[in-house]
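Visitor: One predicted model, sequence on top.
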Amino acid sequence: MLAFDNQQYQCCTLCPRECHCNRLAGANGFCAESGQCRVAHIGAHFGEEPCISGQNGSGTIFFSGCSCGCFFCQNHQISQGHLGELLSPEELLERSRNLARRGVHNLNFVTPEHFWPHIRFLCQSLRQEGYELPFLWNSSGFSKVEMLAEQSRYIDIFLPDYKFADPELAQRCMGRPDYPEIALSALRLLVDRKGFLRPFDSSGEITASCGVMVRHLVLPGQVQDTLTVLNLLHREFGSDLPLSLMRQFTPMPECHARKFLDRKVSTAEYALAADEAMRLGFRRLFLQDDDDGSFLPDFRLRQQPFAGNREHGQQPDGPQISGNT
Ligand code: SF4
Ligand code: SF4
């Protein structure tokens, strides 16, 4: 058995917030999670893009807390409400083994930055035990390049968001005007280290084994920022960059309280975004159908927070994301 190394929690600089707090003494940083790993849900998930979910599902591990802190968070029950159970490194390993044995196509670490020491232990242990399924980093894009340089030695697939291009919008949503710059540096490093997602099969018959795909969630009333994001990504990485353009935004109570982002994305807004992505020539593009909310989670339902997974069971007929390649 490998030794679990929790030193990085002692003076935490795991994410760009660089709180320098001792998480072994409590949950005293921005992410409000201690050095004990808290997990909200572990299970096969069918709501990812087909090349990630495949037929058997993606093996998701939803971590509680988040270092990004978007006020509109669709997972606010766990990112800000901290629902979840504390797991020791060994318990996390055992639960992950069980998930891997169910035949999921990957282990998908959702909102992982602030629990990297636990995840590193998990990846090292599973590889040592002979598990070969890809490890997937499903993150906000708000990451330090130094950390990603280390993480890219263990992780096979990266699904970073590129959330905002406008510093003012980033400031308003998650309190950091430097998000666009930080997320772009992170993305450059990842593409350099890992290349683009491959194999890329939009039907989901063959699932991806390594590389990078970027996700962008269109926000209501902010389609101009989406157009800027698309042009920026195209300029930086070209039209081969795998891209998932999402429209599933649902206003959370905090959106109504702030009277900002307090509605869904309109059909016309999403069409504008999709048209621009296609005009730019993105060839590996996932577009999303009108959302029925089946993958909007309720993490109070610990065993299965996603109605879409309950409906799909173990024999899914695919999520509501459609590839155009
Ligand atoms: S992971 Fe949490 S405690 Fe550590 S630097 Fe980031 S926000 Fe702060
Ligand atoms: S990065 Fe994702 S999980 Fe974190 S607060 Fe923002 S929307 Fe929520």
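Guide: Noted; the coordinates are in hand. Ligands and ions are numbered 1, 2, ... in the order given.
Visitor: ok, residue 102 touching residue 56?
Guide: Yes. Contact criterion CB atoms under 8 Å: residue 102 and residue 56 qualify, at 7.5 Å. To be clear about C-beta, it is placed using only N, CA and C from the backbone, and glycine gets the same treatment.
Visitor: the more surrounded of those two?
Guide: Using other CB atoms under 10 Å as the criterion, residue 102 and residue 56 rank with residue 56 on top: 17 against 12.
Visitor: ok, that one touching residue 106?
Guide: No. Residue 56 lies out of contact with residue 106 (CB under 8 Å); the separation is 10.0 Å.
Visitor: Find residues that contact each of residue 102 and residue 56.
Guide: residue 44 (CB atoms under 8 Å, 6 or more residues apart in numbering).
Visitor: ok, what's across the strand from the residue nearest the centre of the chain?
Guide: Centroid-nearest residue in the chain: residue 138, 2.9 Å away (criterion: CA atoms, centre = their mean). Judged by DSSP bridges, the bridge partners of residue 138 are residue 110, residue 159.
Visitor: pLDDT score for it?
Guide: Turning to residue 138, the model gives it a pLDDT of 98.
Visitor: Distance check, it against ligand 1.
Guide: As judged by CB to the nearest ligand atom, to the nearest Å, residue 138 and ligand 1 stand 16 Å apart.
Visitor: The chain should start at 39 in everything you say after this.
Guide: Shifting the count to begin at 39 puts that one at residue 176.
Visitor: give me every residue that touches that residue.
Guide: So residue 176 contacts 98, 146-150, 197 (CB under 8 Å, 6+ apart).
Visitor: Adding neighbour count, write those out as a markdown table.
Guide: Shown next, in a markdown table, are those (neighbours: other CB atoms under 10 Å):
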| residue | neighbour count |
| --- | --- |
| 98 | 26 |
| 146 | 26 |
| 147 | 27 |
| 148 | 23 |
| 149 | 23 |
| 150 | 25 |
| 197 | 24 |
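Visitor: possible to save those residues as CSV with pLDDT and distance to ligand 2?
Guide: What follows is the contacts of residue 176, written out as CSV (pLDDT from 0 to 100; distance: CB to the nearest ligand atom, whole Å):
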residue, pLDDT, distance to ligand 2
98, 96, 13
146, 98, 14
147, 98, 12
148, 97, 8
149, 97, 5
150, 98, 10
197, 98, 12
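Visitor: Kindly indicate which of these lies nearest residue 110.
Guide: Using CB to CB, residue 149 comes nearest to residue 110 of the contacts of residue 176, at 14.7 Å.
Visitor: where's residue 292, which helix or strand?
Guide: For residue 292, the host element (DSSP states H and E) is helix 291-296.
Visitor: Oh, that last question was meant for residue 97, not what I typed.
Guide: Using DSSP H and E, residue 97 falls in strand 96-101.
Visitor: Show me what that strand is packed against.
Guide: Counting contacts by 3 or more CB pairs under 8 Å, 6 or more residues apart in numbering; DSSP states H and E, strand 96-101 is packed against strand 75-83, helix 127-139, strand 145-148.
Visitor: Is the first one positioned near ligand 1?
Guide: No. When contact is scored as CB under 6 Å from any ligand atom, no part of strand 75-83 falls within range of ligand 1; the minimum is 12.3 Å.
Visitor: What lies in contact with that strand?
Guide: Residues contacting strand 75-83 (CB under 8 Å, 6+ apart): 91, 94-103, 115-116, 120-127, 130, 133-134, 137, 140, 142, 146, 153, 156, 335, 337, 340-344, 347, 352.
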